Structures are given as C-alpha cells and as structure tokens.
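# Following is a predicted model, sequence given first.
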Amino acid sequence: MLQVSGLVAGYGQSRILHGIDLQVAQGEVVTLLGRNGMGKTTTINTIFGLIPARAGRVVVDGRDLTGAEPHLIARAGLGLVPEGRQIFPTLTVQENLQVTARKDGRKGGRWTLDRIYDLFPRLSERRGNMGDQLSGGEQQMLAIGRALMTNPRLLVLDEATEGLAPLIRADIWAVLARLKSEGEAILVIDKNVEALTRLADHHVVIEKGRVAWSGSTAELLATPQVKERFLQV
C-alpha cells in the first residue's frame, strides 16, 4: 500500500532525513519510533508532500507520488491526523467532520457521520460545539474522525495520544485496535512503546534521520537493547 524508499528531505540548507525506508501493507499497523527530533514528523510531512523530497520515492498502491501536491496524495487514500490536531476552531464538531467527507469508490464511502459518532460517542454529544470548545482529548477524537471521513486506505497518526489524560489515551488505543480489527492500515507515531507493541505488527526506529532498526513486535520485545539505545530519554 505504502512504499517509502531512500527518502531524503530537510528544511532550508539542513538535511533531516538521510534515506528513510519503510512500507505498510494492507491491514497492517506500522509504527515510527524514536526520540524527539529524530525525523519522525519530517518523514510524515514528506510523505504527504508538505515538505519536498530531495531524493527517494513515495509510492502509494503502485503509483509514484513523490513530489505530488498534498491534496493529490490525500486523494490517493492517505488520511492524516497531524501533530497538534489542527482542527478548525470556528466550525462545529459536525462541520469539522463534514468538511473533509469524501466517498471512496473502492470502499463505498464506508465512513459516515453515523459511524464516526458510533466510534466516538462523545463527539455525538458535542456535535454542535465549536472546535475550540472541546477538551484536548475530544479534539484528538475529532481529528481522527475527520481523517476517517476522507475514507482513507491508510490512516496516519502523528503523536496519537500526546498530552492526553490516561482515560482518553485508553479510549484512543481501543479505537485504533478496533480499526485494525476492521482491516484499516495504520502508520502511527507515539511515545507509548508498550501500547504500540500491543497494537502494531511492525516497527521502524529512526535515529538522526536514518532507520536504525526495524522489525516485528516479537523481534522488538526480544531485543530490549533497541528500546534502551534508541527510545529511552
């Protein structure tokens, strides 16, 4: 579904990524792990065309979308839950969801308002509230719901539970587990390695803009030195 190879990118004269390789198959959950400032968000932004790639390829379903405009990448089936949520503060919950609604002929537009409200009952209760009237946890639920309303074939989350209360974090992980059980492909960044190992199939560890390690959950759990060397602060 997603194949990233040799991805090089940066800001101005600075090079941040030095040849990132990763892939996500249909129905698979893959994580991007690493300490702050190692290039995880830059990788996501480059995949989505928000930062130009200086080298390498981004291929979605066999289509080379390297350098494509972000809206074309979204139309290809990638849905982004950005770091910081970035919901529309002066739109209601329902308007935030409706503004990104898009049917995908391959899935028949399976994500609808009713399904989002079933996934996140709290959003149903707050559907008439403005975006800036929501708590941080509710905003994250809305950001996920907004991305799903594009009917993506791959859901990408940058810092899935950062800054959220423990109960809200648990709700988000439960939702992601439900999405996986329904066959949704997911690429996720988060600092909670324990939760990620319960959810994900494969992990990619980034260190200073390079892939330092990659492997399955079983391999990660069997290699504690990876966590000690690359993930602990």
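Looks like it arrived, so ask away. Numbering: from 1, shown residues only.

# beta partners for the closest residue in space to residue 76 that isn't next to it in sequence?
Sequence neighbours aside, residue 60 is the residue nearest to residue 76 in space, at 4.6 Å (criterion: Cβ to Cβ, 6 or more residues apart in numbering). Where C-beta positions appear, they are placed from N, C-alpha and C, glycine not excepted. As for beta bridges, residue 60 partners with residue 2, residue 63 under DSSP bridges.

# Residue 100 against residue 146, yeah?
Yes. With contact defined as Cβ atoms under 8 Å, residue 100 counts as touching residue 146 (5.1 Å).

# neighbour-wise, which of these two wins?
For residue 100 versus residue 146, the count of surrounding residues by other Cβ atoms under 10 Å is larger for residue 146: 25 against 16.

# Buried residues of the helix or strand where the more buried one lies, list them for me.
Secondary structure from DSSP states H and E places residue 146 in helix 136-148. Neighbour-count burial for helix 136-148, counted by 16 or more other Cβ atoms under 10 Å, picks out 137, 138, 139, 140, 141, 142, 143, 144, 145, 146, 147, 148.

# Any chance of JSON lines for the residues you listed, columns distance to residue 154 and pLDDT?
Listed next are these as JSON lines, based on distance: Cβ to Cβ, whole Å; pLDDT from 0 to 100:
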{"residue": "137", "distance to residue 154": "24", "pLDDT": "95"}
{"residue": "138", "distance to residue 154": "24", "pLDDT": "96"}
{"residue": "139", "distance to residue 154": "22", "pLDDT": "97"}
{"residue": "140", "distance to residue 154": "19", "pLDDT": "97"}
{"residue": "141", "distance to residue 154": "20", "pLDDT": "97"}
{"residue": "142", "distance to residue 154": "20", "pLDDT": "97"}
{"residue": "143", "distance to residue 154": "16", "pLDDT": "97"}
{"residue": "144", "distance to residue 154": "14", "pLDDT": "97"}
{"residue": "145", "distance to residue 154": "16", "pLDDT": "97"}
{"residue": "146", "distance to residue 154": "15", "pLDDT": "96"}
{"residue": "147", "distance to residue 154": "10", "pLDDT": "96"}
{"residue": "148", "distance to residue 154": "12", "pLDDT": "97"}
